[in-house]
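J.: Provided below are the primary sequence and the corresponding predicted coordinates.
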Amino acid sequence: MTVYPLDSLSITEATQKQFALVDAISHYFIDGEFLCGGDLGLKCGFNQPAITRKVEQVLARFFHSEDAVLVHGAGSGAIREGLAALLRCGDSVLVHQAPIYPTTQTTFEQMGLAVLRADFNQLTALEQALQQQRPHAVLIQHTRQQPQDRYRLADIIHCCNQHQIATLIDDNYAVLKVAAIGCELGATLSTFSTFKLFGPEGIGVVLGKQTEIEKIRRNHYSGGSQVQGHQALAVLRGMTVAPVMHAVQAQVNQELVERLNSAEFPMVKSAFLINAQSKVLIVEFYAEIAAALLQQAPKFGALPYPVGAESKYEIPPLFYQISGTFRHADPGLEKRMIRINPNRAGANTVLRILQQSYAAATEQ
């Protein structure tokens with residue numbers, strides 16, 4: 001199977017990301033202020049906690065964005081807020097010709113948006129859709145939505161900008177793993193969840209044009225709708241360690257691909273990496289043993305299901321069923337393939353669990 005995973009940061013590149021984030025922190029947190037617990041409520045002049053505003057300034061500086069705002073609802077909430085800033089009820093939004101993420105589909109329905117589609121893998125098809133259908137905005141998922149996806153985010157954004165059509169990027173599973181996210185490539189808005197970056201539950205980020213970010217702020221006037229200072233600090237604490245941790249994970253994934261495709265594991269037909277949606281390892285066996293193996297893997301230390309797809313709680317490796325898009329493409333693959341995310345584990349731990357699980361499943 002030919003797939004097109006995104007390029008991961010090297011350890012050196014990830015370290016530089018960490019250093020850049022800490023440098024941004026040092027521009028706004030002085031006199032030991034970063035060691036505080038964070039404030040609460042609506043500080044005069046900000047209409048939000050002062051620490052939250054500082055964190056937003058740090059994020060805007062780090063991601064080379066005009067402005068940033070923290071919102072509730074994690075990544076789905078950030079997308080919802082971004083769409084509400086760019087669109088009105090009944091407006092049209094162009095998406096890739098692929099399955100729409102369920103929570104995004106719910107937002108489309110709640111806003112009464114007219115959904116248009118084009119194959120982003122073909123720039124000519126995108127050009128045609130932009131010229132003929134003239135959508136009010138384009139929603140682009142940074143990571144892959146289906147195995148055959150190969151579009152370059154920068155090309156899609158550039159094309160939309162040439163037609164002066166706003167872009168909202170779902171950067172979940174790509175932030176601090178790749179060289180640049182949507183807003184750094186010229187998109188109107190970028191959105192993502194901090195829970196996938198070892199941060200607190202339920203907090204999302206919207207970055208981009210200041211005029212659009214201000215619309216989101218105005219929609220969150222009351223104290224109860226604010227992200228509080230202690231939550232905002234937790235966002236930075238998680239994000240600081242995320243780039244290097246994810247780069248280590250990418251290194252482990254590459255080692256796993258090389259070893260699983262060698263003579264060391266004769267029961268494996270193939271192993272490859274894919275963004276589905278986080279970058280994970282797909283292992284295909286000759287035997288139709290996937291379901292039995294997944295039943296056995298938790299007994300040897302694997303996680304049986306994700307929490308936030310690389311949240312701070314997910315430390316042991318995840319052994320899980322392949323994604324719905326894979327199953328839809330070929331239902332038979334579900335019997336032979338599994339998905340593995342090493343999380344914080346090394347290659348030897350992952351391979352030990354795989355061997356033990358395979359042996360136990362074979363004995364059944």
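T.: Structure received. Predicted, not measured: the structure shown is a model, and the values here were computed from it.

J.: centre of the chain to the lengthiest helix in the chain, how far?
T.: Secondary structure of the chain per DSSP state H: the longest helix is helix 229-260. A distance of 12 Å separates the centroid of the chain from that of helix 229-260, by CA atoms, centre = their mean, to the nearest Å.

J.: repeat for stretch 192-203
T.: 10 Å.

J.: for it, buried residues please.
T.: Within stretch 192-203, the residues that qualify as buried are 192-200, 202-203, counting by 16 or more other CB atoms under 10 Å. Glycine gets a C-beta too; all of them are placed from N, C-alpha and C.

J.: what is the mean pLDDT for that stretch?
T.: Stretch 192-203 carries an average pLDDT of 97.

J.: first-to-last residue distance for that stretch?
T.: Using CA to CA, to the nearest Å, one end of stretch 192-203 lies 9 Å from the other.

J.: what's in contact with it?
T.: The contact list for stretch 192-203, computed with CB atoms under 8 Å, 6 or more residues apart in numbering, reads 70-78, 170-176, 181, 204-205, 227, 231-232, 234-235, 237-239, 241-242, 245, 278, 308-312.

J.: list the buried ones in stretch 346-358?
T.: Neighbour-count burial for stretch 346-358 [16+ other CB under 10 Å]: 347, 349-351, 353-354, 356-358.

J.: now it, how far from the centre of its chain.
T.: On the basis of CA atoms, centre = their mean, stretch 346-358 is displaced by 26 Å from the centre of the chain it belongs to.

J.: kindly report the same for stretch 301-318.
T.: 15 Å.

J.: now do stretch 28-35
T.: 29 Å.

J.: identify the residues contacting residue 238.
T.: Taking CB under 8 Å, 6+ apart, one finds 194, 197-200, 312 in contact with residue 238.

J.: so which of those residues are in strands?
T.: If you go by DSSP state E, the contacts of residue 238 have nothing in strands.

J.: pLDDT, distance to residue 328 and secondary structure added to the buried residues of stretch 346-358, as CSV?
T.: CSV is the format used below for those (pLDDT from 0 to 100; distance: CB to CB, whole Å; DSSP: H, G, I helix; E, B strand; the rest coil):
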residue, pLDDT, distance to residue 328, secondary structure
347, 98, 30, helix
349, 98, 31, helix
350, 98, 27, helix
351, 98, 29, helix
353, 98, 28, helix
354, 98, 25, helix
356, 98, 31, helix
357, 98, 26, helix
358, 98, 26, helix
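
J.: kindly indicate which of the residues you listed lies nearest residue 216.
T.: The nearest member of these to residue 216, counting by CB to CB, is residue 350 at 40.4 Å.

J.: out of the contacts of residue 238, which is nearest to residue 44?
T.: residue 200 (25.7 Å).

J.: and the gap between the closest one and residue 102?
T.: Separation of residue 200 from residue 102 (CB to CB, to the nearest Å): 23 Å.

J.: just residue 19 next, same as before
T.: Residue 19 is 37 Å from residue 102, by CB to CB.

J.: so those two - more neighbours on which side?
T.: Taking other CB atoms under 10 Å, residue 19 and residue 102 do not tie; residue 19 has more neighbours (12 against 9).

J.: distance of that one from residue 240?
T.: Taking CB to CB, one finds residue 19 at 10 Å from residue 240.

J.: and residue 25, by the same measure?
T.: 8 Å.

J.: okay if I get the buried residues of stretch 346-358 as CSV plus distance to residue 110?
T.: Formatted as CSV, the buried residues of stretch 346-358 follow (distance: CB to CB, whole Å):
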residue, distance to residue 110
347, 44
349, 43
350, 40
351, 45
353, 41
354, 42
356, 46
357, 42
358, 45
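
J.: between these, which is nearest residue 35?
T.: Checking the buried residues of stretch 346-358 against residue 35 with CB to CB, the nearest one is residue 349 at 35.0 Å.
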